[in-house]
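Undergrad: no FASTA, just this:
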């Protein structure tokens with residue numbers, strides 16, 4: 001089954017539309033033998049220094065940076081993304097995100113996760129779920 005997410009929807013709520021490049025189309029295939037999947041679209045605003053603590057998802061996350069600068073920690077790797085860029089986070093990879101620029105960061109993420117699963121599972125430095 002092919003999932004196609006139309007990226008123009010990602011910018012519908014932003015006031016900075018005119019200053020941003022058009023977002024990319026995001027596409028990927030889900031194997032036929034995969035569990036039933038659910039698509040979720042979520043957004044967040046993070047003041048400088050704020051973000052999301054280390055966690056994992058039961059599926060893929062595609063994050064689009066609408067405004068600001070965001071540092072993603074993905075396993076042992078650090079990736080910095082700016083407005084107009086996107087980041088793909090594979091299933092089960094421990095990751096965190098933090099706004100590192102002088103302005104509030106706005107992130108819109110599309111998730112394709114196992115149907116009925118908890119979207120975000122907080123984990124420790126060892127990658128194991130926190131109790």
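TA: Structure received. Remember, predicted model here, so these are calculated numbers, not experimental data.
Undergrad: Following element in sequence after the helix or strand residue 64 falls within, please.
TA: Residue 64 belongs to strand 59-67 when assigned by DSSP states H and E. Using DSSP H and E, the helix or strand that follows strand 59-67 in sequence is strand 69-74.
Undergrad: Buried residues, that following strand. List them.
TA: 69, 70, 71, 72, 74 (16 or more other C-beta atoms under 10 Å). Just so you know, the C-beta spots here come from the backbone N, C-alpha and C atoms, and that holds for glycine as well.
Undergrad: ranges for the strands of the protein?
TA: Here the chain has its strands, by DSSP state E, at 2-5, 26-29, 37-46, 51-56, 59-67, 69-74, 77-82, 86-89, 95-99, 105-114, 121-122.
Undergrad: Now render these as CSV, adding distance to residue 130 and mean pLDDT.
TA: Shown next, in CSV, are those (distance: least, C-beta to C-beta, whole Å; pLDDT from 0 to 100):
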stretch, distance to residue 130, mean pLDDT
strand 2-5, 30, 44
strand 26-29, 29, 64
strand 37-46, 20, 91
strand 51-56, 9, 96
strand 59-67, 19, 95
strand 69-74, 16, 97
strand 77-82, 22, 97
strand 86-89, 19, 95
strand 95-99, 13, 98
strand 105-114, 19, 94
strand 121-122, 5, 95
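Undergrad: tell me, what residue is most central in the protein?
TA: residue 63 (3.1 Å; C-alpha atoms, centre = their mean).
Undergrad: Could you verify my assumption that that one touches residue 96?
TA: No - contact status for residue 63 versus residue 96: not in contact, 11.9 Å apart, counting by C-beta atoms under 8 Å.
Undergrad: tell me, what's touching these two both at once?
TA: Taking C-beta atoms under 8 Å, 6 or more residues apart in numbering as the criterion, residue 63 and residue 96 both touch residue 72.
Undergrad: Farthest from the middle of this structure: give me that residue.
TA: residue 33 (24.3 Å).
Undergrad: Check what pLDDT that residue gets.
TA: Looking at residue 33, its pLDDT stands at 71.
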